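Chemist: Show me the folded form of this:
(2 chains)
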2 protein chains.
Amino acid sequence: MYVIVVYDVPADRTHVYRKLLRRRLEHLQYSVFYGELTEGQVTAMKNDIDEKLESDDSIVVFESSNPTAFELSTFGDADEPGSRFT
Amino acid sequence: MYVIVVYDVPADRTHVYRKLLRRRLEHLQYSVFYGELTEGQVTAMKNDIDEKLESDDSIVVFESSNPTAFELSTFGDADEPGSRFT
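Modeler: Residues are numbered from 1 along each chain as shown, chains lettered A, B, ... in the order given. The predicted structure follows:
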């Protein structure tokens, strides 16, 4: 699965998700991570998110099995997508 | 096209993108918008983003022509996706 995760969390909790997501995904920009994972890895990641979730946190997970089915464009100072999306 | 837009911008510029994106998309959570647009609307939206872009701004546009090709999950206090994604 091609996965994109975006988080909106209080500033003092960004490190929690950065650490969690860096384990399996690449950093696209400040609060956006992406990568190619197995379905098992996606499930494990979602369980990890559920465990860390506090009331003010907000996370969106976007997944697709077909990398040609979507297109990603970045504007501004986002890091360029890595080879997994080219 | 099914479109998701995420922005990471300085706090004093969030209103710029919120206003711009609300014109064409629905609000999913704080910095995430989504909706179904024609290709012409996607192009117009990207041009609008280019016009507003300042050096500290960072925007990611995710698009797919096939709504069954991807899945969106939200965790925490994100608004539920509207009818366009069901």
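Chemist: Tell me how far A:Ile59 lies from chain B.
Modeler: Taking C-beta to the nearest C-beta, to the nearest Å as the measure, A:Ile59 falls 4 Å from chain B. Placement of C-beta: from N, CA and C, glycine included.
Chemist: and that residue, how many neighbours?
Modeler: 25 (other C-beta atoms under 10 Å in any protein chain shown).
Chemist: Find the nearest non-adjacent residue to it, please.
Modeler: For A:Ile59, ignoring the flanking residues on the chain, the nearest one in space by C-beta to C-beta, 6 or more residues apart in numbering or on different chains is B:Phe75 at 4.0 Å.
Chemist: So for the helix or strand hosting the one you found, mean pLDDT?
Modeler: In this structure, B:Phe75 sits in strand B:70-76 according to DSSP states H and E. Mean per-residue pLDDT for strand B:70-76: 83.
Chemist: what's next to that strand, contact-wise?
Modeler: For strand B:70-76, contacts defined as C-beta atoms under 8 Å, 6 or more residues apart in numbering or on different chains pick out A:46, A:49-50, A:53-64, A:69-70, B:2, B:4, B:28-29, B:34, B:64, B:80-81, B:85.
Chemist: what residue of chain A is the furthest out?
Modeler: Farthest-out residue of chain A from its mean C-alpha position, per C-alpha atoms, centre = their mean: A:Ser55, at 19.3 Å.
Chemist: Tell me which stretches of chain A form strands.
Modeler: Taking DSSP state E as the criterion, chain A contains strands spanning A:2-8, A:26-29, A:32-36, A:58-64, A:70-76.
Chemist: Just say which of the ones you listed is most tucked in.
Modeler: Stretch with highest mean neighbour count among the strands of chain A: strand A:2-8 (a mean of 24; mean count of other C-beta atoms under 10 Å in any protein chain shown).
Chemist: Within the sheet, what are the partner strands of it, with directions?
Modeler: strand A:32-36 (antiparallel), strand A:58-64 (antiparallel) (DSSP bridges).
Chemist: All good on my end, thank you.
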